[in-house]
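*Asks:* Sequence plus predicted model, see below.
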Amino acid sequence: MLVLQRTDTYWLGCCLTSCLWLASANLADAQDALGNATQQNTSIQNEPLTPIDVSGFYSSIHHWRKLRDTNRFIQPKPEQASYQPEQVAEIVANILLYQRSDGGWPKDYDMLAILTEDQRAAVETTRDARDSSYDNNNLHSQVKYLAQAVAQTGNPQWRAACERGFDFMLRSQYSNGGFPQRFPNPKSYHAHITFNDGVMIGILQVLSDASTQQPYFDWLDERRTRKATAAVARGIDCILKCQIEVDGHKTGWCQQHDEVSYAAAPARTFELASICPQETTAIVQFLQQQPNRSPEMDQAIADARDWLKNAQLDGVRVERIASDRAEFERHTTDFDVVLVEDSAARPLWARHYEIGTNRPIFAGRDGVKKYALADIERERRTGTPWYGQWPLSLFAP
């Protein structure tokens, strides 16, 4: 199949290069090396592989298939088929196809989609684009997937791709430990230290797994392992400095923070500077997983948990109600979203809380702060999850 032909071509190219180097010494040995390497590649490709979790790609899949964006270099076909989790080699081939020459990946494409020949050709023409992004759990998810595939096979082509992505993550870290949403040359809010959409914590989790030599990274070299350890330490220091303080008390974190001052910062017009339970929960979970936590880390966890408990909303729930079909620039909807009273409802949290008052806040495309979900336009009511139960796992008995 096409995936194996592409891989075989790469291997033969690598082996022929080795043969030319060896020819001056011993042509017979070089020919043996070529045969052995080809045989090894065939063995790797024929080996049954254990399915690898693909949930890290779900956000990008949703954005590619469900949200319209005319700027994408390929668009999904109606009912475009997908590879199944057990088709590891095919998914890896997609990941390698999308990888940029700088080691990163563009956001909001489906790593599981079975591409047409025209789509594959279009992707190949973008290899040198400088559009790598961590948004929507992108990039670190590809690195993790590749690392798990390499752990199963030792495939040198897959390993080289994973190492390029791993090195990209290390290069993109600010000296203060934060990570931007995009790299290289991020601008505007893309340059902020980003916790939104799994950016900072997603990267640090992969680097943490590498630094502690988790099984899927047992093949990683010592130099990269040491760099990952240092990167995680810088990242944790940055997290502690970003924690928002109100009247002398530490609270939670914003979706993004200024890359110089660490202050909570706005992003898109409907993403105001605020304290955000979803990102705060992810940060607390990450900090709690760290071995040998410092007293500062323990205090940050305790303060954040206290703030989350105080921000909890009781007696209300979110309900979707049928409504006239409406088509917006990026999505189409036949429902609306309302907040209703319900004494039996489980605890709920708003997406954004006003710094200083702890009141839930909302905003539409106009960027005007509102204090009720009903006060923003339907396009944003149905296009952003304004409430969630993200912290519940922290308070489970």
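*Replies:* It's in. Numbers count the residues shown, from 1 in each chain.
*Asks:* just checking, N292 is part of a strand?
*Replies:* No - under DSSP: H, G, I helix; E, B strand; the rest coil, N292 sits outside any strand and is assigned coil.
*Asks:* distance of it from A230?
*Replies:* As judged by C-beta to C-beta, to the nearest Å, N292 and A230 stand 15 Å apart. Backbone N, C-alpha and C define where each C-beta goes, glycine included.
*Asks:* swap in V123?
*Replies:* For V123, the distance to A230 - C-beta to C-beta - is 34 Å.
*Asks:* Neighbour count for those two, which is higher?
*Replies:* The neighbour count for V123 versus A230, taken as other C-beta atoms under 10 Å, is higher for V123 (17 against 14).
*Asks:* residues touching that one, list them.
*Replies:* Shown in contact with V123 (C-beta atoms under 8 Å, 6 or more residues apart in numbering): F73, I74, L97, Y98, L115.
*Asks:* Does the fourth one touch D110 like I think?
*Replies:* No - using C-beta atoms under 8 Å, Y98 makes no contact with D110, being 9.7 Å away.
*Asks:* just the helices in the stretch 151-300 of the chain please.
*Replies:* 156-172, 199-211, 222-242, 277-289, 295-311 (DSSP state H, counting those that start in this stretch).
*Asks:* which residues sit against the last one?
*Replies:* Contacting residues not belonging to helix 295-311 are listed as 236, 239-240, 243, 249-253, 275, 277, 280-281, 283-284, 287-288, 290, 293, 349-350, 353, 358, 391, 394-395 [C-beta under 8 Å, 6+ apart].
*Asks:* Check which residues of it are buried.
*Replies:* Residues M297, A300, I301, D303, A304, R305, W307, L308, A311 are the ones in helix 295-311 that count as buried (16 or more other C-beta atoms under 10 Å).
*Asks:* Export that helix to PDB, keeping only CA atoms.
*Replies:* This file holds the C-alpha atoms of helix 295-311, laid out as PDB (Å, rounded to 0.1, in the frame of the first residue of the first chain):
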ATOM      1  CA  PRO A 295       6.200  23.900  49.500                       C
ATOM      2  CA  GLU A 296       5.400  26.600  46.900                       C
ATOM      3  CA  MET A 297       3.800  24.000  44.700                       C
ATOM      4  CA  ASP A 298       1.700  22.600  47.500                       C
ATOM      5  CA  GLN A 299       0.600  26.100  48.500                       C
ATOM      6  CA  ALA A 300      -0.400  26.900  44.900                       C
ATOM      7  CA  ILE A 301      -2.500  23.700  44.700                       C
ATOM      8  CA  ALA A 302      -4.200  24.500  48.000                       C
ATOM      9  CA  ASP A 303      -5.000  28.100  47.000                       C
ATOM     10  CA  ALA A 304      -6.300  27.100  43.600                       C
ATOM     11  CA  ARG A 305      -8.500  24.400  45.100                       C
ATOM     12  CA  ASP A 306      -9.900  26.900  47.600                       C
ATOM     13  CA  TRP A 307     -10.700  29.400  44.800                       C
ATOM     14  CA  LEU A 308     -12.400  26.700  42.700                       C
ATOM     15  CA  LYS A 309     -14.500  25.700  45.700                       C
ATOM     16  CA  ASN A 310     -15.600  29.300  46.200                       C
ATOM     17  CA  ALA A 311     -16.300  29.800  42.500                       C
END
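*Asks:* Give me the contacts around the helix or strand following it.
*Replies:* Later in the chain than helix 295-311, the nearest helix or strand by DSSP states H and E is strand 316-327. With contact meaning C-beta under 8 Å, 6+ apart, strand 316-327 is reached by 332-342, 345-346, 348, 378-379, 386-387.
*Asks:* Just the ones of these in helices?
*Replies:* R378, E379 (DSSP state H).
*Asks:* Could you tell me which of the contacts of strand 316-327 count as buried?
*Replies:* If we count by 16+ other C-beta under 10 Å, the contacts of strand 316-327 have these buried: T333, F335, D336, V337, L339, L348, R378, E379, W386, Y387.
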